[in-house]
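1. with the input below, show me the fold.
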Amino acid sequence: MYNAIVVGARCAGASTAMLLGRKGYKVLLVDRAIFPKEIPHGHFIHRHGPQRLARWGLLERITATNCPAVTTMITDFGDLALTGHDLAVGGVAMGYGPRRSQLDKVLIDAAVEAGAEVRDGFTVEEFTSDGDCITGIRGRDQRSGQLVHETATLTIGTNARRVERFYGATDLPNFVRKAHGPGWALVGDAGCHKDPYMALGICDALRDAELLVDAIHLGLNDGGDLAVTLAGYEQERNAATLEQYRQNLHLAQFKPMPPAALALRRKLHGRREEIRAFYLANQGMVPREHFFNPENLQRLMGM
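-> Below you'll find the model as predicted:
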């Protein structure tokens, strides 16, 4: 019996398995894909994602896959091109865009190093239960055809959809789901799926994996109550994601920029250091209030 079975070995699942393994838990990580396997769309890790990967000791492994750091950002909403340069803090750049096969390998290798058991080419056919409580999985190894049943204290889902097909942007669902229940939890796209406009998927998956593992660790320790700590995980996830989730929904409709935002952009144009400070704060690389505070905004608008 495992402490946790993680279904889905991409960024959310592999990160969850790695972090659980590093805390000494017995973890099974399964995925129906046979790795390495690419995904036919772009990937970008930014905002809090690079700092988290650096803290986990994985960012250098990612850059070593021929993945250069992104330290320049340009936005143009039909008004002007606003270019930010030197977007890095503490040696960590604003963003990185690794090939998905390389990112998956780095994360899965780290999970294995942490002690997780990994089975790719494994199709989960059903979740097993005892009354209302999920107790594990029943699935089949694609190579041997063998049907197996595995049990765990907690079964963690990471995938937003089970059917493989090519999705265009207009096909993608947006939702925030309940993140836990008896014997199960959701992380990554399974719990919160967003339009790709702001490229929040990977960075949020890494963050939520860390929040979930902290909650599991508290719940499984002596005196802990897993139901209570998982409820706390859901609250933390929602608090961390809902503001940008709503912002992303708005921006994905390609509505005109608010006049106040356009006015601020006009004031910033041509001011290199002010533009850098704007992007660092907007990307969450420094606290937002360092730039978006009433005194600073009043100063900028008065220039």
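2. hang on, Thr72 packs against Thr83?
-> Yes. Using C-beta atoms under 8 Å, Thr72 is in contact with Thr83, at 6.8 Å. The way it works is simple: take the backbone N, C-alpha and C, and place the C-beta from them, glycine included.
3. burial count for the nearest residue to Gly84 once chain neighbours are set aside?
-> In space, and not counting its chain neighbours, Gly84 is closest to Tyr279: 3.7 Å by C-beta to C-beta, 6 or more residues apart in numbering. Using other C-beta atoms under 10 Å, Tyr279 has 24 neighbouring residues.
4. please, which helix or strand holds Tyr279?
-> Here Tyr279 sits within helix 272-282, counting by DSSP states H and E.
5. which positions in that helix come out as buried?
-> Buried residues in helix 272-282, counted by 16 or more other C-beta atoms under 10 Å: Glu274, Ile275, Arg276, Ala277, Phe278, Tyr279, Leu280, Ala281, Asn282.
6. per-residue pLDDT, the most centrally placed residue in the chain?
-> The C-alpha lying nearest the average C-alpha coordinate of the chain belongs to Ala205 (C-alpha atoms, centre = their mean; 1.8 Å). As predicted, Ala205 sits at a pLDDT of 97.
7. dump whatever helix or strand it lives in to CSV, keeping only the CA atoms.
-> Counting by DSSP H and E, the element that carries Ala205 is helix 201-220. In CSV, the C-alpha atoms belonging to helix 201-220 read as follows (Å, rounded to 0.1, in the frame of the first residue of the first chain):
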residue,chain,number,x,y,z
GLY,A,201,-0.8,26.6,-16.2
ILE,A,202,2.7,25.3,-15.4
CYS,A,203,3.7,27.9,-12.8
ASP,A,204,0.4,27.4,-11.0
ALA,A,205,0.7,23.6,-11.2
LEU,A,206,4.1,23.8,-9.5
ARG,A,207,2.8,26.1,-6.8
ASP,A,208,-0.3,24.0,-6.1
ALA,A,209,1.8,20.8,-5.9
GLU,A,210,3.8,22.4,-3.1
LEU,A,211,0.6,23.5,-1.3
LEU,A,212,-0.9,20.1,-1.6
VAL,A,213,2.2,18.2,-0.3
ASP,A,214,2.5,20.6,2.7
ALA,A,215,-1.2,19.8,3.5
ILE,A,216,-0.7,16.1,3.1
HIS,A,217,2.4,16.2,5.3
LEU,A,218,0.5,18.0,8.0
GLY,A,219,-2.5,15.7,7.8
LEU,A,220,-0.5,12.4,7.9
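8. what packs against it?
-> Contacts defined by 3 or more C-beta pairs under 8 Å, 6 or more residues apart in numbering; DSSP states H and E place helix 201-220 against helix 11-22, helix 49-55, strand 147-157, strand 192-193, helix 226-251.
9. between it and strand 147-157, how many degrees?
-> With axes from the mean of the first three to the mean of the last three C-alpha atoms, to 10 degrees as the basis, helix 201-220 and strand 147-157 are set at 100 degrees to each other.
10. please renumber the chain so that the first residue is 27 from this point on.
-> Sure thing, new numbering starts at 27, so read that last one as helix 227-246.
11. check the offset of helix 227-246 from the chain's centre.
-> 10 Å (C-alpha atoms, centre = their mean, to the nearest Å).
12. with stretch 284-302 instead?
-> That offset, for stretch 284-302, works out to 29 Å (C-alpha atoms, centre = their mean).
13. all set now, cheers.
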